[in-house]
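# Show me the folded form of this:
(one chain, ligands or ions: 1)
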Amino acid sequence: MKFEQSGEKSDSQNILARVAFEKNGFAPELHHGVPTVGVPMTTETEPGFHEVFAASGPVVAGKEGNLVYAVDGRHLFCSVQVSERDVYRDAARIAYDSAFELATRLGYPNILRMWNLVGGIIDENADGMEIYRDFCAGRAEAFALWAGRILHIPAATGIGTRGNGVYLYFISGRADAEVHHLENPRQTPAYHYPDSYGPKAPSFARATFTDGILYISGTASIIGDETVHKGDISGQVDVTLENIATLISTENLGKVRPEGGYTLQDLDLIKVYVSRPEDIPFVRSRCKEVFSPDARVVYLNVDICRPDLLVEIEAIVQ
Ligand SMILES: C=C(O[C@@H]1C=C(C(=O)O)C=C[C@H]1O)C(=O)O
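Purely as a prediction, here's the structure:
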């Protein structure tokens, strides 16, 4: 599995799936036989881009109900959209339930990385519950239903969009793939967050390491389970970067990667989510100082899963 980002569509044969980051978004579909989903994440002034998941072998793509997917013998890509609604819990559970059913039936029960793009993430649903909490409840119920058959809880991102409804996509691997899910010693595992953050804790690991690729979950200015440096973008960027540095350090990643850990200079395909547009220039200049000049970095102005979080960063090392 390899990832690429580009400003244009490349119509290569070896594509497992494509995610178009754009202004409006569209439900997953097969586009010239390639699963393609459009996520409403950019603004008028930001250029859109595509993220391409390269295939490791001959691709078979399909559509089942709302699910659009492709397999290549080693990986499954699957995407589903949940349209805007009053309450998301049941629809989120059903979307994940059907995706997990497909993943296990096709023989790819090892979820490696998930993205959950949640419109109105910090707004209230019709019952007065924050939509992120509402969504997390349904997702947690699906993981509980599939415990033991869906093998682990993987690295993930749960972030706002500039549109409505929820866009989900994930990649998963074969049952026998060697997969390590990592936690961060500075942070409470998200699946153990107390219920003050919602009726069911978020279902994700801090990172997944498999097949020489490290997927780093969306990471923010959280120590233990608490947001730190509220209202202070500079403090939040520093803690976010320190959290990632610790997560990928030899002391942590070295437990599962014999060659040891990484540093921030190794990150690539970095997504920097910034909730206040006026903070973007500052965040951009800090990131320039710490990331490699060769790293591909995009900045997206969207809400983050807690109203007090100003910045969040995800990345891949491959
Ligand atoms: C920032 C956090 O969580 C965010 C929400 C996630 C989710 O719900 O899938 C995953 C990672 C982050 O995007 C956090 O809790 O540290």
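# which phi and psi does the closest residue to residue 160 other than its chain neighbours have?
Once flanking residues are discounted, residue 160 sits nearest to residue 303: 3.3 Å by CB to CB, 6 or more residues apart in numbering. Quick note: C-beta positions are derived from backbone N, CA and C, even for glycine. Main-chain dihedrals, residue 303, degrees, to the nearest 10: phi -70, psi 150.
# For residue 303, give me its contacts.
121, 122, 159, 160, 275 (CB atoms under 8 Å, 6 or more residues apart in numbering).
# what does residue 66 give?
Residue 66 makes contact with 27, 28, 80, 81, 95, 98, according to CB under 8 Å, 6+ apart.
# hang on, the earlier thing: any idea which of the contacts of residue 303 is closest to the ligand?
residue 159 (5.2 Å; CB to the nearest ligand atom).
# my read: residue 220 touches residue 275, true?
No. Using CB atoms under 8 Å, residue 220 is not in contact with residue 275, being 10.2 Å away.
# what's the distance between the residue lying farthest from the centre of the chain and residue 157?
Using CA atoms, centre = their mean, the residue of the chain lying farthest from its centre is residue 127. It sits 26.4 Å away. Here residue 127 is placed at a distance of 25 Å from residue 157 (CB to CB, to the nearest Å).
# follow-up on the earlier one: let me have the contacts of residue 303 in TSV, extended by secondary structure.
Formatted as TSV, those follow (DSSP: H, G, I helix; E, B strand; the rest coil):
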residue	secondary structure
121	coil
122	coil
159	strand
160	strand
275	coil
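# which of these are close to the ligand?
By CB under 6 Å from any ligand atom, the members of the contacts of residue 303 lying near the ligand are residue 159.
# I'd like the contacts of residue 303 written out as a markdown table, with distance to residue 214 and pLDDT added.
Converted to a markdown table, the contacts of residue 303 look like this (distance: CB to CB, whole Å; pLDDT from 0 to 100):
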| residue | distance to residue 214 | pLDDT |
| --- | --- | --- |
| 121 | 25 | 98 |
| 122 | 29 | 98 |
| 159 | 19 | 98 |
| 160 | 25 | 98 |
| 275 | 26 | 98 |
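# Now a PyMOL select for only the buried ones of the contacts of residue 303.
Here is the PyMOL command that selects the buried residues among the contacts of residue 303 (16 or more other CB atoms under 10 Å):
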select buried, resi 121+122+159+160+275
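# Pull up the residues of the stretch 201-318 of the chain that are close to the ligand.
Checking the stretch 201-318 of the chain against the ligand by CB under 6 Å from any ligand atom, the hits are 202, 204, 217, 218, 220, 222, 305, 312.
# so the fifth one bridges to which residues?
Meaning residue 220. On the basis of DSSP bridges, residue 220 is bridged to residue 312.
# ok, it - how many residues close by?
By other CB atoms under 10 Å, the residues close to residue 220 number 24.
# quick one, what contacts it?
Residues near residue 220 by CB under 8 Å, 6+ apart: 227, 236, 240, 243, 304, 306, 309, 311, 312, 313.
# Closest one of those residues to residue 269?
Within the contacts of residue 220, the smallest distance to residue 269 is 11.3 Å, found for residue 313 (CB to CB).
# does that closest one really touch residue 244, like I thought?
Yes. Proximity of residue 313 to residue 244 meets the contact threshold set by CB under 8 Å, at 6.4 Å.
# what's the overlap in contacts for these two?
216, 219.
# intersection of neighbour lists for residue 220 and residue 275?
304, 309, 311.
# need the residues you listed in CSV with pLDDT, neighbour count and distance to residue 69, can you?
As requested, these are exported to CSV (pLDDT from 0 to 100; neighbours: other CB atoms under 10 Å; distance: CB to CB, whole Å):
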residue, pLDDT, neighbour count, distance to residue 69
304, 98, 24, 28
309, 98, 21, 31
311, 98, 28, 32
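# one step back: where strands are concerned, which of the contacts of residue 220 count?
Those of the contacts of residue 220 mapping onto strands are 227, 311, 312, 313, per DSSP state E.
# Many thanks, we can stop here.
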